[in-house]
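# Fold the following, please.
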Amino acid sequence: MKTMKSTSHIEKLAAGIAKKAVQDAVKAITEKTREASPIPTATENTTHNTATEPEHAYIFFNCDTEKTPSSMNIRFNNEAYSDTPYGRRALLKKIETEIAITSIRVSNMNTAREAILNGDPTKANELMEYGCIELLTMS
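From the prediction side, this is the model:
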């Protein structure tokens with residue numbers, strides 16, 4: 001019983017450390033992805049100056065079949081993808097590369113591709129084995 005409690009505590013601690021490391025990585029990486037993003041155009045009904053920076057980013061993790069936080073290693077998977085068309089295409093390319101080297105399996109690639117490019121990329125998690133996409137909120 002004590003071992004389960006310790007394991008749970010360690011998993012929570014590892015998840016907290018990984019989340020902080022990912023947030024720091026996102027701040028550094030979004031600067032890089034912003035350079036490659038297309039220049040936004042002004043819209044007609046802009047009443048105030050809104051930031052064009054994405055509010056979210058995604059990170060892909062290789063993991064175990066249960067997708068436990070302790071199996072997601074920020075030192076191995078340390079690339080964040082901005083919530084922009086460019087960032088989503090880069091995320092899809094990463095997943096396609098992982099499939100090609102047989103690190104992960106995807107049961108329905110067409111559905112996963114649609115979720116990543118046009119929907120909620122984390123919905124592709126249901127279709128992945130040994131891989132997980134995590135949503136990061138930038139603050």
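
# and Glu55, what is it in contact with?
With contacts defined as CB atoms under 8 Å, 6 or more residues apart in numbering, the neighbours of Glu55 are Asp83, Thr137, Met138. For glycine as for every other residue, the C-beta is placed from the backbone atoms N, C-alpha and C.

# what about the first one, neighbour count?
This means Asp83. Using other CB atoms under 10 Å, Asp83 has 19 neighbouring residues.

# Quick one: name whatever helix or strand follows the worst-scoring helix or strand of the chain on mean pLDDT.
Taking mean pLDDT, DSSP states H and E as the measure, the chain has helix 2-36 as its least confident helix or strand, at a mean of 57. Proceeding N to C from helix 2-36, the next assigned helix or strand is strand 56-62, under DSSP states H and E.

# Could you give me the buried positions within that following strand?
Within strand 56-62, the residues that qualify as buried by neighbour count (16 or more other CB atoms under 10 Å) are His56, Ala57, Tyr58, Ile59, Phe60, Phe61.

# what packs against it?
Taking 3 or more CB pairs under 8 Å, 6 or more residues apart in numbering; DSSP states H and E as contact, the helices and strands that strand 56-62 lies on are helix 2-36, strand 80-82, helix 85-100, strand 131-137.
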